[in-house]
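> sequence first, predicted model second:
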Amino acid sequence: MPELPAAVELSQRSIVRFRRCAKLLWGRRCPAIALVRLKLIGGMIVFVTALFVLTCAFSLSTIHAATEILADDAVLSDAVCPIVYPVDQSSSDRGYHYLFYGNGFFINEQGYLITAAHVLSQLHGGQAYILLHDPSARYRFVRADLVIVDRSHDVAILRATPNPFDGPHTVRYLSLSSDWVVENQDVVVPSTRPPKPLDAYTLDGSVADRLSGQVFDFTFSQLEKGRGDTELFLFNHQVRLGQSGAPVVAAGSGEVVGLIEGQWLRPPSVSIAVAGESGMPGVGAAVPMHYAIALLKQKEISWHTTSGDSNSSIGPPPAEGFSPPTPLSLVACSFPSQAIFGGEVVLDSLIDSHGRLMQIRVVRGTSPLLEKALAAVQTWSFYPARLDSHPVAARIGITFQFLQSDERGRAAPVHKFDEPSAVWPERAALPIVTVEPLFPPAMDRDGGVILYDVVAADGQLSSVRILSQSESLPTDILAALRQWRFIPGRRAGIDSDSAGVVVMAFRYGGKANHADQTK
């Protein structure tokens, strides 16, 4: 495989080299390379290879305005800002020269904003800035300090200093959604860029782009070599250079459901005709807001929803007595490629009074299934348990079932387990009899489902509901779960109501999914 250049200068000779590299990549002569991110770095285009299938690809095609754009487009324009680095200390006739890297967006009036971690990596440790304007359209640089970053899932939280909401800048924030993105959901992607991204000056103004699409598929990819998987959702529209870090907004609610990761190159698991129905070539990939919400919870940073709720700890309406934790934002996990057979992982986890997962007991589970489950739950967040309307810490049971399609047609197996030998005064309700659901006969790709259940103090399943699913799954899954048997949860040594989360990961054909095949 030919070695790609580290940087390609924008000259006639470099354009020829660029075209040759593009032929190698898109002509499938380099099958070992699954991802190429095309990044803007001050007058250069730099190739960064990784083990997944995205690229921040430069599209010269026109980005059409969304047909179902949000009611107040000015909110989008004022909430999205470019991530930049000032070059000149003095102004020219075109204003101040700067380097443009990507997009970010504000999430609250304290000046916090979200972007993709790979946008900041282009600064190589340098100080990031954002470019804002005042009511008279004068542009100013504002320092953006890094608060926390999750490189495994490509999310970063910044804080503008001084807070632009206290100054003359024209800025607003966007509401976030913790709901699961669903197939056929309409989305809008607002972004901004300089008219000349490789030769940007403040007096040149900016160009607001709006693209629209529809979510049609979900997949897991390894965004950094040696790190865990990230769930992505795909939508049927091409992504252009510089849109990395821009928000993906639900056209119906106006809430942010994800942020732009890049352009998806590998054929999706559903028909490619579906991805082309919008008339625009290409498939965009986005990181769900789940991973950003996990960082916000970790730093106790508030955000807004369309209901106007800015307190990240508020959950369902409080009830008298004890109510267990309820999920705020969860994701499933992929079936590990190295696993020959399916199996189960059971965890007993503490959710603190802020809704953060703080402690995990491994009840049962073996490698490599255990590692997949542990990596997934590290990003989960909850609404805390409540005792007489006050938030309290409580434990929750978590079960992962890994199921394979090559076991279709068999009788649903029943697994029986001994009660844990350890005596814990505080524990979640734990399954001691589990029944595997039959693999959905219509499923022809990897998929999964997340369920939430409540087990009463007598060990009986009192309620169960589906939180998210990648397919239209039959009622056999709920029927199987209702056959499970539990030992009840305990609080202060007394049997008590307890909640649980069940994740079922299906592997189609007994083969590894796309994310793991690239390893």
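Thanks, I have the structure now.

> strand partners of the host helix or strand of residue 399, parallel vs antiparallel please.
According to DSSP states H and E, residue 399 maps onto strand 394-404. Sheet pairing of strand 394-404 (DSSP bridges) gives strand 343-351 (antiparallel), strand 498-507 (parallel).

> which one of those strands has the lowest average pLDDT?
For those, mean pLDDT drops lowest on strand 498-507, to a mean of 92.

> one step back: can you lay out the strands paired with strand 394-404 as JSON lines showing mean neighbour count?
Where you see a C-beta, it was placed from the backbone N, CA and C, and this is true even at glycine. Converted to JSON lines, the strands paired with strand 394-404 look like this (neighbours: other CB atoms under 10 Å):
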{"stretch": "strand 343-351", "mean neighbour count": "22"}
{"stretch": "strand 498-507", "mean neighbour count": "25"}
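
> can I get those in JSON lines including distance to residue 368?
Shown next, in JSON lines, are those (distance: least, CB to CB, whole Å):
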{"stretch": "strand 343-351", "distance to residue 368": "10"}
{"stretch": "strand 498-507", "distance to residue 368": "12"}
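
> of all those, which one is nearest residue 290?
strand 498-507 (13.5 Å; CB to CB).

> related to what we said a few turns ago, ok, which of the strands paired with strand 394-404 comes nearest residue 197?
So among the strands paired with strand 394-404, strand 498-507 is nearest, using CB to CB, at 40.3 Å.

> quick one on the thing from earlier: and the strand holding residue 399, C-alpha only, in CSV?
Coordinates of each C-alpha in strand 394-404 appear next as CSV, following Å, rounded to 0.1, in the frame of the first residue of the first chain:
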residue,chain,number,x,y,z
ALA,A,394,-29.3,3.8,44.8
ARG,A,395,-28.1,0.7,43.0
ILE,A,396,-29.4,-0.5,39.6
GLY,A,397,-28.9,-3.9,37.9
ILE,A,398,-27.5,-4.0,34.3
THR,A,399,-27.7,-7.1,32.1
PHE,A,400,-26.2,-7.5,28.6
GLN,A,401,-27.3,-10.4,26.4
PHE,A,402,-25.2,-11.1,23.3
LEU,A,403,-27.2,-13.1,20.8
GLN,A,404,-26.4,-14.5,17.3
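
> for it, what does the pLDDT average out to?
93.

> now that strand: how far from the chain's centre is it?
20 Å (CA atoms, centre = their mean, to the nearest Å).

> what does stretch 420-440 give?
Worked out by CA atoms, centre = their mean, stretch 420-440 lies 28 Å from the chain centre.

> cool, and stretch 499-510?
For stretch 499-510, the distance to the chain centre is 19 Å (CA atoms, centre = their mean).

> before we move on, what about stretch 89-96?
38 Å.

> for the chain, longest strand please?
As assigned by DSSP state E, the longest strand anywhere in the chain is strand 207-221.

> partners of it, with directions?
Strand 207-221 is paired, per DSSP bridges, with strand 186-193 (antiparallel), strand 230-235 (antiparallel).

> how far away from the center of its chain is the last one?
Just to be clear, that refers to strand 230-235. 7 Å.

> who's in contact with it?
Defining contact as CB atoms under 8 Å, 6 or more residues apart in numbering, one finds that strand 230-235 is touched by 152-154, 181, 187, 213-223, 248, 258, 261, 264, 268, 275, 283-288, 290-291, 331-332.

> re the thing from before, residue 146 is nearest to which of the strands paired with strand 394-404?
strand 343-351 (27.6 Å).

> low-confidence bits of this protein, can you list those?
1-72, 226, 267-281, 308-319, 405-411, 439-444, 470-475, 509-519 (pLDDT under 70).

> distance from the centroid: which residue in it tops it?
residue 93 (41.9 Å; CA atoms, centre = their mean).

> so how far is residue 204 from that one?
Residue 93 sits 11 Å away from residue 204, going by CB to CB, to the nearest Å.

> in this structure, which spans are helices?
12-26, 73-79, 117-121, 272-275, 290-299, 369-377, 476-481, 514-517 (DSSP state H).

> just list what the fifth one packs against, helices and strands only.
In terms of contacts (3 or more CB pairs under 8 Å, 6 or more residues apart in numbering; DSSP states H and E), helix 290-299 is packed against strand 139-150, strand 155-161, strand 326-329, strand 381-383.
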